[in-house]
Every structure is written in C-alpha cells, then in structure tokens.
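>>> Build me a structure from this.
(one chain, ligands or ions: 2)
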Amino acid sequence: MRDGSDHVLCLTTATITIPGDLDYDQDIDIIDFNLFCATYGSKMGDSNYNPMADYDHDCCITLVDYGIWMDYYQSYNG
Ligand SMILES: [Ca+2]
Ligand SMILES: [Ca+2]
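Ligands and ions are numbered 1, 2, ... in the order given. Just a heads-up that it's a prediction; the model follows:
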C-alpha cells in the first residue's frame, strides 16, 4: 500500500577525479607514474593505450602527455 510518504534515499558517491590520478585512488604517486609509463608511446587501438593519460587528446601518449602528467604530479605533491 502506498500512502504517498515513500521516500527513496539516493546516496551518490561524489568521486572527485584528480587529473593525473590514473588508478583513481585519490592521489598522484609512483603507481600512477608506472601506469603512465605502461601506456607511454601507445596510440588509440593499441592494447596498452589509456585514454585517461592522453591529456592533449591527440590519440597518442607522447612526451607532451608526459609533460602534462608531470605538471599534475608536481602541483599535487607540491
Ligand atoms: Ca593514484
Ligand atoms: Ca596525447
């Protein structure tokens, strides 16, 4: 029986994505660096291509992406 007082409690987890945090554990550390290195040099379609590490969206993981990742790393770890 519905009496109009039913409430649906919606809990949403607001996951804040930190740019450069490739393993989504809310930090930028050596693990993220290793993940970046694993995808470095790949291009879209390659098995090791990680679009999350393609910061300039050119479909390749290059030195440009590395520079951007390093900026994220250095800003995060101050
Ligand atoms: Ca991380
Ligand atoms: Ca790129």
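
>>> which outside residues touch the longest helix along the chain?
The residue-count maximum for a helix in the chain (DSSP state H) belongs to helix 63-77. For helix 63-77, the external contacting residues (C-beta atoms under 8 Å, 6 or more residues apart in numbering) are 18-20, 27-29, 32-33, 36, 40, 53-56, 58. Where you see a C-beta, it was placed from the backbone N, CA and C, and this is true even at glycine.

>>> and if we set it to 10 Å?
Helix 63-77 is contacted from outside by 18-22, 27-30, 32-33, 35-37, 39-41, 50, 53-58, 61, using C-beta atoms under 10 Å, 6 or more residues apart in numbering.

>>> tell me which residues in it are buried?
Buried residues in helix 63-77, counted by 16 or more other C-beta atoms under 10 Å: Asp65, Tyr66, Ile68, Trp69, Tyr72, Tyr73.

>>> and the chain, which residues reach ligand 1?
Residues of the chain lying close to ligand 1 by C-beta under 5 Å from the ion are Asp21, Asp23, Asp25, Asp27, Asp32.

>>> and the spatially most central residue of the chain, what pLDDT?
Note on the chain: the residue nearest the mean C-alpha position is Leu22, at 4.1 Å, using C-alpha atoms, centre = their mean. Confidence at Leu22, expressed as pLDDT, is 97.
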